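Student: all I have is the shape, not the residue letters:
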């Protein structure tokens, strides 16, 4: 029996970031039942993806189609690097390739793409949504007319339209993002939480560190200084609590600032660029987590904390609120609120246990297995195969 062909479009599949985790696990989920073609802009390092994301991908699992040079030349049309232009070029390449390989299903794992026919798109945050979050704005975006011109150029390069992207079935990484999709396209999305790969050690609560762990890029948008201030305020109230920040290097200047904060605080540990197995072990040895980023689209680091059995305290915005089940006790907007929430839980063992029980049930929603099963179900349905395969 001839396998149906799925064309997966993703600009670059790197070894860090929630979007790349989704792309890698999508390839793994589809490889057994479908013939998978990957439309992309650069090479794919399967061993590196496997080490970082817990996949078991082989080069033979998919037909790698890197865009010809004339497509990548379009990226040099603008003097500054931009993710939207990468999406636009990838969409243009995917449209051309889909006709050549006669794909049955087209799937973007990196936001919206108009394929020229209805397809599937996994949306981390709709690129067509305006206004953009402040955290995405750079200095040149604030020059009058620059942002509009850039977005218009990307639209021209992509060859698609708002209506075309709206005809796709959108898979949203959170209810928060589904709401943004509804505002832009007027359509209802299906919620498909990103995969949190790998296993975490089972460490009894009493053997865990009385500390909060934070995980993510070393970048100002993550607001790690707020995590430090929350723990410092909690400590000033007599709580025995520390902080561990596990980060991937990014902004050098910001990294120096956070390192300076750690230098004068022996209770603040910094771990940078550690391998996946060590990260899982570290997270699993902490009782609490902390995630101060505002309007995080999903927050895969928070889902990792939940899967590891931690109690994460999150900024009261975006996807992380869903990950902690909307629990008011685990949300904050200011340093004072964060310290008060941490204090309330640490001083009330009954509350602490109730929250642990609630998040224990929540954690099952974020496994790689749950992601793969749900994605397969959607693709089968789109192919009209669900009744015979499920």
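Tutor: Sure, I can see it. None of these values were measured; they are calculated from a predicted model.
Student: buried stuff in the longest helix seen in the chain?
Tutor: Ranked by residue count and defined by DSSP state H, the top helix of the chain is helix 83-101. Buried residues in helix 83-101, counting neighbours by 16 or more other C-beta atoms under 10 Å, are found at 84-95, 97-98. Glycine gets a C-beta too; all of them are placed from N, C-alpha and C.
Student: same thing with stretch 6-17?
Tutor: 6, 7, 8, 9, 10, 11, 12, 13, 14, 15.
Student: still on that earlier bit, ok, so of the buried residues of helix 83-101, who is nearest residue 316?
Tutor: residue 84 (28.4 Å; C-beta to C-beta).
Student: these two touch, right, that closest one and residue 155?
Tutor: No. Between residue 84 and residue 155 there is no contact, the gap being 9.3 Å when judged by C-beta atoms under 8 Å.
Student: low-confidence ranges in this protein?
Tutor: When residues are selected by pLDDT under 70, those of the chain lie in 1, 77-81, 129-143, 145, 385-390.
Student: hang on, the earlier thing: packing partners of the longest helix of the chain?
Tutor: With contacts defined as 3 or more C-beta pairs under 8 Å, 6 or more residues apart in numbering; DSSP states H and E, the packing partners of helix 83-101 are strand 5-9, strand 35-40, strand 63-66, helix 69-72, strand 105-108, helix 146-158.
Student: sheet-wise, list the partners of the second one with their directions.
Tutor: Here the strand partners of strand 35-40, with direction, are listed using DSSP bridges: strand 5-9 (parallel), strand 63-66 (parallel).
Student: contact partners of stretch 198-205?
Tutor: Stretch 198-205 is contacted by residues 54, 276-277, 280-281, 283-285, 287, 304, 307-309, 356, 368 when judged by C-beta atoms under 8 Å, 6 or more residues apart in numbering.
Student: actually, stretch 336-352.
Tutor: Under C-beta under 8 Å, 6+ apart, the answer for stretch 336-352 is 210, 212, 226, 230-231, 233-234, 237, 239, 241, 288, 290, 292, 311, 313, 329-332, 355.
Student: quick one: buried ones out of those residues?
Tutor: 212, 226, 230-231, 233-234, 241, 288, 290, 292, 311, 313, 329-332, 355.
Student: domain-wise, how is the chain divided?
Tutor: Domains of the chain are assigned by automatic domain parsing as 5-195+368-389, 205-366.
Student: can you give me the end-to-end span of the last one?
Tutor: Across its full length, domain 205-366 reaches 21 Å between end residues, using C-alpha to C-alpha, to the nearest Å.
Student: for residue 50, which three-state class applies?
Tutor: Under DSSP: H, G, I helix; E, B strand; the rest coil, residue 50 falls in the helix class.
Student: for residue 170, same thing?
Tutor: strand.
Student: got the contact list for it?
Tutor: Counting by C-beta under 8 Å, 6+ apart, residue 170 touches 112, 121, 123, 178, 181, 185, 187, 189, 190.
Student: show me the contacts for the nearest residue to it once chain neighbours are set aside.
Tutor: Leaving out its chain neighbours, the residue that sits closest to residue 170 by C-beta to C-beta, 6 or more residues apart in numbering is residue 189, at 4.1 Å. Residue 189 sits next to 123, 169, 170, 171, 172, 177, 178, 181, 182 when contact means C-beta under 8 Å, 6+ apart.
Student: could you redo these as JSON lines and give each row distance to residue 204?
Tutor: JSON lines is the format used below for those (distance: C-beta to C-beta, whole Å):
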{"residue": "123", "distance to residue 204": "39"}
{"residue": "169", "distance to residue 204": "43"}
{"residue": "170", "distance to residue 204": "42"}
{"residue": "171", "distance to residue 204": "37"}
{"residue": "172", "distance to residue 204": "36"}
{"residue": "177", "distance to residue 204": "36"}
{"residue": "178", "distance to residue 204": "37"}
{"residue": "181", "distance to residue 204": "42"}
{"residue": "182", "distance to residue 204": "43"}
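Student: emit the ChimeraX select command for whichever of the residues you listed are buried.
Tutor: Selection command for ChimeraX covering only the buried members of the contacts of residue 189, criterion 16+ other C-beta under 10 Å:
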select :123,169,170,171,172,177,178,181
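Student: what's the distance between stretch 215-229 and the middle of its chain?
Tutor: Between the centre of stretch 215-229 and the centre of its chain there are 16 Å (C-alpha atoms, centre = their mean, to the nearest Å).
Student: for it, which positions count as buried?
Tutor: With burial defined by 16+ other C-beta under 10 Å, the residues of stretch 215-229 counted as buried are 215-219, 221-224, 226-229.
Student: same deal with stretch 371-386?
Tutor: 371, 372, 374, 375, 376, 378, 379, 380, 382, 383, 385.
Student: now, those residues that are in helices?
Tutor: Short answer: the buried residues of stretch 371-386 in helices (DSSP H) are 371, 372, 374, 375, 376, 378, 379, 380, 382, 383.
Student: quick one: residue 119 and residue 252, what's the gap?
Tutor: 39 Å (C-beta to C-beta, to the nearest Å).
Student: again but with residue 47, I slipped
Tutor: Residue 47 is 28 Å from residue 252, by C-beta to C-beta.
Student: just residue 327 next, same as before
Tutor: Distance from residue 327 to residue 252, by C-beta to C-beta: 36 Å.
Student: of these two, who's got more company?
Tutor: residue 327 (17 against 8; other C-beta atoms under 10 Å).
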